[in-house]
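*Asks:* return a 3D structure for these sequence lines:
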Amino acid sequence: MPETALLVMDVQNAVVAMLGDDGPELVATVARAADAARASGVPVIYVRVGFRPGAPEVSPHNPLFDRARAGGLGEDEEASAVHPGVAPGPDDIVVVKRRVSAFAGSDLGVVLRALDARSLVLTGIATSGVVLSTLRQAADLDFGLTVLEDACADRDPDVHRVLMDKVFPRQAAVLSTDGWIGSLA
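*Replies:* Predicted coordinates for the structure are as follows:
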């Protein structure tokens, strides 16, 4: 399945912390997906949000990222690091983005073209943020899409459910992590 890539999106220390007690379970599920991908030869790409010192990429008109101007999501800060429970392996790729979608302000598109990836498997936090934005943009770019329902999370479980049950199936296969791992065999 070399034309497929697994995206681990925004599974960063500060973002996982926002999930509270649900964070460890999500991290373990994402780690299982990444391990299975590596074992099957599927490239694993980590996408994390990060900004330069002073966050010059953030407009004062952008309320979502305006807090970044005060600090906390700098490229080299511990809060923006990939959570250690899903730490990238030596052959994994890490992409830094500057907006919500994994494609916005990053070189993800270049990396995917170099890998000749035509299908993406999406995991990440938050379902209503990076997962939704990336899914929409990837669909417009004609990627085949799979979303791992239990390897994504949102602070609002109702929003997560609606997206997984009603919105995402229009553009992607929605599977459990175990279901996807089983399809790799």
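
*Asks:* ok, and what's touching the longest strand along the chain?
*Replies:* Taking DSSP state E as the criterion, the chain has its longest strand at strand 144-153. Here strand 144-153 makes contact (CB atoms under 8 Å, 6 or more residues apart in numbering) with 4, 19, 22, 26, 29-30, 33, 118-127, 131, 135, 138-139, 160, 164, 168, 171-177, 180. No exception for glycine: its C-beta is placed from N, CA and C like everyone else's.

*Asks:* now, which of those lie within helices?
*Replies:* 26, 29-30, 33, 135, 138-139, 160, 177, 180 (DSSP state H).

*Asks:* sorry, back to before: what lines up beside the longest strand of the chain in the sheet?
*Replies:* Here strand 144-153 is paired, per DSSP bridges, with strand 119-125 (parallel), strand 173-175 (parallel).

*Asks:* now it: average pLDDT?
*Replies:* Across strand 144-153, pLDDT averages out at 98.

*Asks:* looking at the strands paired with strand 144-153, which is buried most?
*Replies:* Ranked by mean neighbour count, the strands paired with strand 144-153 are led by strand 119-125 with a mean of 25 (mean count of other CB atoms under 10 Å).

*Asks:* can you give me how far that one is from the chain middle?
*Replies:* Computed by CA atoms, centre = their mean, to the nearest Å, the chain-centroid distance of strand 119-125 equals 6 Å.

*Asks:* out of the ones in helices among the contacts of strand 144-153, which is nearest to residue 75?
*Replies:* Each of those was scored against residue 75 by CB to CB, and residue 30 proved nearest at 21.3 Å.

*Asks:* what is the burial count for the closest one?
*Replies:* 27 (other CB atoms under 10 Å).

*Asks:* any idea how far residue 7 is from it?
*Replies:* Residue 30 is 10 Å from residue 7, where distance means CB to CB, to the nearest Å.

*Asks:* anything in contact with each of those two?
*Replies:* 123-124.

*Asks:* in contact with residue 154, which residues?
*Replies:* Contacts of residue 154 (CB under 8 Å, 6+ apart): 125-129, 160, 163.

*Asks:* from residue 162, how far out is it?
*Replies:* 10 Å.

*Asks:* for this structure, what helix or strand is lowest in average pLDDT?
*Replies:* Every helix and strand in the chain was compared by mean pLDDT, DSSP states H and E; the lowest is helix 13-17, with a mean of 94.

*Asks:* residues touching that helix, excluding its own?
*Replies:* Applying CB under 8 Å, 6+ apart, the external contacts of helix 13-17 come out as 23, 26-27, 72-73, 78-83, 85, 125-126.

*Asks:* just so I have it, where are all the strands in the protein?
*Replies:* Going by DSSP E, the chain shows strands at 4-9, 44-49, 93-97, 119-125, 144-153, 173-175.

*Asks:* of the ones you listed, which approaches residue 107 most closely?
*Replies:* Of those, the one closest to residue 107 (CB to CB) turns out to be strand 93-97, at 6.3 Å.
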